[in-house]
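Novice: heads up, no residue letters with this:
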């Protein structure tokens, strides 16, 4: 197979893998979220996990990490706050800064989401041996580094 056709085939395989992974993940998440009475979706779940991991966060940090507009982020955070998961506290040092943290209920929910994600990851990676998982994670990190480099480069 000539080089150009091989690259096209590799890209198609990679895209197909990503699409299949996201479809499976979304199916599992939908099943998990439908079990609860809340109106949680994948983006809100990721917001809760970010705040849980950082213990407190600013809206701008969440917007950046999720690649959302500040308006979209604020709407979802308002919903999470009204559902009792998120608490907003204005900084005493700089009144322009609002810190986000999780209520006890929000912490419990974030922990359940993280546990579920860990189960999901273990299920997927369970088909690989320990050595294969180590190699796979190394490859993913290498690709991630390349992506990060490309994201920080200026226009060519």
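Specialist: Everything's here; your move. Quick caveat, the model's predicted, so the values are computed rather than measured.
Novice: Any idea which helix or strand in this structure has the lowest mean pLDDT?
Specialist: helix 3-34 (a mean of 83; mean pLDDT, DSSP states H and E).
Novice: other SSEs contacting that helix?
Specialist: helix 42-54, helix 104-125 (3 or more CB pairs under 8 Å, 6 or more residues apart in numbering; DSSP states H and E). Where you see a C-beta, it was placed from the backbone N, CA and C, and this is true even at glycine.
Novice: Just want the angle from it to helix 42-54.
Specialist: 80 degrees (axes from the mean of the first three to the mean of the last three CA atoms, to 10 degrees).
Novice: And the contacts of stretch 15-22?
Specialist: Under the criterion CB atoms under 8 Å, 6 or more residues apart in numbering, residues residue 124 lie in contact with stretch 15-22.
Novice: which residue is nearest the middle of the chain?
Specialist: Nearest residue to the geometric centre of the chain (CA atoms, centre = their mean): residue 46, 4.8 Å.
Novice: correct me, but it touches residue 67?
Specialist: No. Counting by CB atoms under 8 Å, residue 46 does not reach residue 67; the two are 10.7 Å apart.
Novice: out of the helices and strands packed on helix 3-34, nearest to residue 90?
Specialist: helix 42-54 (16.2 Å; CB to CB).
Novice: what's the angle between the closest one and helix 104-125?
Specialist: Using the same axes, to 10 degrees: helix 42-54 against helix 104-125 is 100 degrees.
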